[in-house]
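Undergrad: Mind looking at a prediction? Sequence and model below.
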Amino acid sequence: MKSRLLVFALAGTASAGWSQEEHTAVYARGKFMYEDYAGCASCHGMDGRGRVAGLTLDPPPPDLSDCSFNSREPHRDWAAVIARGGGARGLSMSMPAYGEVLTPAQIDTIVTYLKTFCTENGWPAGELNFRRPQITAKAFPENEALLLPSFTSGKSEAAATRFVYERRWGKRGQWEIAVPFAHESGSPARRGLGDVEMSAKYVLAQHAAARFILSGGLETGLPTADLGLGVGNGAWKLVPYLAAAKGFAAFYLQASVKYETPVQAGAGVRELRYDLAFTLPLTREKKGLFPMLELNGLTVPKTDKTEWFLTPQLYLGLVRRGHVAFSFGSQLPLSRARPFNYRIMGFLLWEYADGGLWW
């Protein structure tokens, strides 16, 4: 028995050693191709910071050592820019295409080396930055601004618009503020401000190779709503939640669970919300179509009443860089007791850290 354990221990040690040797070899090959063979350092600098004496480019090369920039896009997008040039992702035309000079394996080696310019551990990898669903909370921290209009048809018709601003905080954190406005038809018509929401989110676990990410967050609802408009109850509330995502070969899943509770007794009811989103990417490009389907559930624990909704939707990347996108969908009640007939939903998304709204 002891001899078997010794064999397993030696095998594990050898495997770890081979893995380290392979890592060192890939790093050395990538460094050679970056600095000498492909000549990337002539524009990006030996340290990747984009500062080369006597060279002026407009726009200047990005700082590849900036971990926020280095980590937020997946490996395949970096490879696409090297292979097809900056124009392939709506970036600078000064970046030439190397697809006819370098093999895909050589490009992958260079990208692996480029990722080492970020020397801080803990930044979530771009492979975990999945497309945003309509309702399910996203686990990846973002720098985004969103405009989310909706229209609800039922006993009374109501339109609402939410403005959301999100900003990354450190390696794994994000803070957010959401401001809703609503308009309800009828006699007389009513309009007003909903409950303003502030929230914070933090990545609890991540595994780039497994394409898995888990985050925890806390939302706070402020009592700013005009009562009766359907976008708040005019009371303080706390909403702790978990959000997760898992990527597979041909699709990915995102899920979130939220528990909403009023701060003051009698100022609203407790609600448990759970959402699951399925996405089928039809392209590997940033600009393209991403069909999604969400299953949304709402339970009021005090009454054990549960309502289910199905939300089909389409996410469309509008530009080659992918930082401006549009989504459109419709939420349909599945339960026998229908709180409304249908709800049309959408959003316009702008990842402002990646570029301007019109370019």
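TA: Good, I have the coordinates.
Undergrad: Please count neighbours and contacts with C-alpha atoms only from this point.
TA: OK.
Undergrad: give me the number of residues near Pro312?
TA: 19 (other CA atoms under 10 Å).
Undergrad: What's the first helix or strand after the worst-scoring helix or strand of the chain on mean pLDDT?
TA: When each helix and strand of the chain is scored by mean pLDDT, DSSP states H and E, helix 2-32 comes last, with a mean of 61. Later in the chain than helix 2-32, the nearest helix or strand by DSSP states H and E is helix 41-44.
Undergrad: and that following helix, which residues are buried?
TA: Buried residues in helix 41-44, counted by 16 or more other CA atoms under 10 Å: Ala41, Ser42, Cys43, His44.
Undergrad: The last one reaches Leu55, doesn't it?
TA: No - applying CA atoms under 8 Å as the test, His44 and Leu55 come out as separate, 10.1 Å apart.
Undergrad: coming back round to it: columns pLDDT and distance to Arg343 on top of the buried residues of helix 41-44, output as CSV?
TA: CSV is the format used below for those (pLDDT from 0 to 100; distance: CA to CA, whole Å):
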residue, pLDDT, distance to Arg343
Ala41, 92, 53
Ser42, 93, 54
Cys43, 93, 51
His44, 95, 49
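Undergrad: And the residues you listed, which is closest to Ala160?
TA: Set against Ala160, the nearest of the buried residues of helix 41-44 by CA to CA is His44 (46.6 Å).
Undergrad: Send me stretch 197-212 as PDB with only the CA atoms.
TA: This file holds the C-alpha atoms of stretch 197-212, laid out as PDB (Å, rounded to 0.1, in the frame of the first residue of the first chain):
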ATOM      1  CA  GLU A 197     -31.800  51.000  -6.500                       C
ATOM      2  CA  MET A 198     -28.200  50.900  -5.500                       C
ATOM      3  CA  SER A 199     -26.200  47.600  -5.500                       C
ATOM      4  CA  ALA A 200     -22.800  46.100  -5.100                       C
ATOM      5  CA  LYS A 201     -21.500  42.800  -6.600                       C
ATOM      6  CA  TYR A 202     -18.300  40.800  -5.900                       C
ATOM      7  CA  VAL A 203     -16.900  37.700  -7.800                       C
ATOM      8  CA  LEU A 204     -16.700  34.800  -5.200                       C
ATOM      9  CA  ALA A 205     -15.300  32.100  -7.500                       C
ATOM     10  CA  GLN A 206     -14.100  31.700 -11.000                       C
ATOM     11  CA  HIS A 207     -12.500  29.100 -13.200                       C
ATOM     12  CA  ALA A 208     -11.600  30.200 -16.700                       C
ATOM     13  CA  ALA A 209     -10.800  26.700 -18.100                       C
ATOM     14  CA  ALA A 210     -14.100  25.400 -16.800                       C
ATOM     15  CA  ARG A 211     -15.900  28.700 -18.000                       C
ATOM     16  CA  PHE A 212     -17.500  29.100 -14.600                       C
END
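Undergrad: what does it contact?
TA: 124-125, 127-128, 139-141, 172-179, 213-222, 244-248 (CA atoms under 8 Å, 6 or more residues apart in numbering).
Undergrad: go on, stretch 147-163?
TA: Contact with stretch 147-163 is made by 145-146, 164, 178-186, 229, 231, 339-349, as judged by CA under 8 Å, 6+ apart.
Undergrad: Can you flag the buried ones in these?
TA: Applying 16+ other CA under 10 Å to these, the neighbour count classes 145-146, 164, 178-184, 229, 231, 342-349 as buried.
Undergrad: can you pull out the strands in the stretch 101-250 of the chain?
TA: Ranges of strands in the stretch 101-250 of the chain, per DSSP state E, counting those that start in this stretch, are 144-153, 158-169, 173-184, 190-193, 197-207, 212-221, 237-247.
Undergrad: what helices or strands is the third one leaning on?
TA: The reference is to strand 173-184. strand 158-169, strand 190-193, strand 197-207 (3 or more CA pairs under 8 Å, 6 or more residues apart in numbering; DSSP states H and E).
Undergrad: Pull up the pairing partners for the longest one, direction included.
TA: In this case it means strand 158-169. Its sheet considered, strand 158-169 pairs with strand 144-153 (antiparallel), strand 173-184 (antiparallel) by DSSP bridges.
Undergrad: Dump those to JSON lines, plus mean pLDDT and distance to Ala83.
TA: Formatted as JSON lines, the strands paired with strand 158-169 follow (pLDDT from 0 to 100; distance: least, CA to CA, whole Å):
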{"stretch": "strand 144-153", "mean pLDDT": "96", "distance to Ala83": "28"}
{"stretch": "strand 173-184", "mean pLDDT": "92", "distance to Ala83": "33"}
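Undergrad: for the ones you listed, which one sits closest to Leu298?
TA: Counting by CA to CA, Leu298 lies closest to strand 144-153 out of the strands paired with strand 158-169; the figure is 17.0 Å.
Undergrad: Tell me which residues of that closest one come out buried.
TA: Across strand 144-153, burial judged by 16+ other CA under 10 Å covers Glu144, Ala145, Leu146, Leu147, Leu148, Pro149, Ser150, Phe151, Thr152.
Undergrad: Kindly provide the distance from the third one to Arg191.
TA: Right, Leu146. 21 Å (CA to CA, to the nearest Å).
Undergrad: before we move on, back to that, how about a markdown table for the strands paired with strand 158-169, with distance to Lys305 added?
TA: Compiled in a markdown table, the strands paired with strand 158-169 are given as follows (distance: least, CA to CA, whole Å):
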| stretch | distance to Lys305 |
| --- | --- |
| strand 144-153 | 21 |
| strand 173-184 | 26 |
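Undergrad: Please name whichever of those strands is nearest to Gln20.
TA: Among the strands paired with strand 158-169, strand 173-184 comes nearest to Gln20, with 30.9 Å by CA to CA.
Undergrad: how about the CA coordinates for the closest one, as CSV?
TA: In CSV, the C-alpha atoms belonging to strand 173-184 read as follows (Å, rounded to 0.1, in the frame of the first residue of the first chain):
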residue,chain,number,x,y,z
GLY,A,173,-16.2,44.2,-7.6
GLN,A,174,-18.8,46.3,-9.2
TRP,A,175,-21.2,49.0,-8.0
GLU,A,176,-24.5,50.0,-9.7
ILE,A,177,-27.3,52.5,-9.6
ALA,A,178,-30.7,52.1,-11.3
VAL,A,179,-33.2,54.9,-11.8
PRO,A,180,-36.7,53.8,-13.0
PHE,A,181,-39.5,56.0,-14.5
ALA,A,182,-43.0,54.8,-15.3
HIS,A,183,-46.1,55.9,-17.2
GLU,A,184,-49.5,54.3,-16.6
